[in-house]
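Undergrad: below is the structure, and that's it, no one-letter string:
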């Protein structure tokens, strides 16, 4: 399994690894009228090229897909949950990447969790509003939670919630 590539958004690389892990033809779609949601949980530092990752794919029903990646020591490295998965890049995936990049530009640190809710694809001319929700210490590490809302002409297109481990 390929290692995460730090020059790409974490979410895009995780989705690529998931597409490699999910059996061909497995598709998950949101409930009719529901927003597309993705939740990324990054528990360990990014693997290196020498690290092997092993995927476990769990499909709960037609609307939920959970993929967990573990290292050789069976430690959970990251997991990805979504209610929409086709195995190919979609406008919703590109919207998640735009939201992640916006968060990374606004807030320093290592991404630990990133959740998106996308109602409509995010165009280049969209407006972003971001805010720091809280800063705290967890297991000796300074953390911060942030939110981003993406709008166009007053309509909310997408939202993101991110947790970062702050630099020392």
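TA: Perfect, thanks for sending it. These figures come from a predicted structure and were not determined experimentally.

Undergrad: what is the neighbour count of residue 82?
TA: Using other Cβ atoms under 10 Å, residue 82 has 23 neighbouring residues. C-beta here means a position set from N, CA and C on the backbone, and glycine is covered the same way.

Undergrad: next one: residue 122
TA: The number of residues near residue 122, taken as other Cβ under 10 Å, comes to 24.

Undergrad: state the distance from it to residue 99.
TA: For residue 122, the distance to residue 99 (Cβ to Cβ, to the nearest Å) stands at 7 Å.

Undergrad: please enumerate the shared neighbours of the two.
TA: Residues touching both residue 122 and residue 99 (Cβ atoms under 8 Å, 6 or more residues apart in numbering): 150, 158.

Undergrad: contacting residues around the nearest residue to residue 42 once chain neighbours are set aside?
TA: Distances taken as Cβ to Cβ, 6 or more residues apart in numbering put residue 78 closest to residue 42, at 4.7 Å, once the chain neighbours are dropped. Going by Cβ under 8 Å, 6+ apart, residue 78 touches 14, 40-44, 68-69.

Undergrad: let's see which of those end up in helices.
TA: residue 14 (DSSP state H).

Undergrad: filter the contacts of residue 78 down to the buried ones, PyMOL style.
TA: In PyMOL, this line selects whichever of these come out buried by 16 or more other Cβ atoms under 10 Å:
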select buried, resi 14+40+41+42+68+69
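
Undergrad: return the backbone torsion pair for the residue nearest to residue 42.
TA: Per-residue torsions, residue 78: phi -160, psi 160 (degrees, to the nearest 10).

Undergrad: beta partners of it?
TA: Residue 78 has the following beta-bridge partners by DSSP bridges: residue 42, residue 69.

Undergrad: OK, contacts around the residue nearest the centre of the chain?
TA: Closest residue to the average C-alpha location of the chain: residue 40 at 3.8 Å, with Cα atoms, centre = their mean. With contacts defined as Cβ under 8 Å, 6+ apart, residue 40 is in contact with 10-11, 14, 78-80, 111, 113-115.

Undergrad: before I go, just wanted to say thanks for your time.
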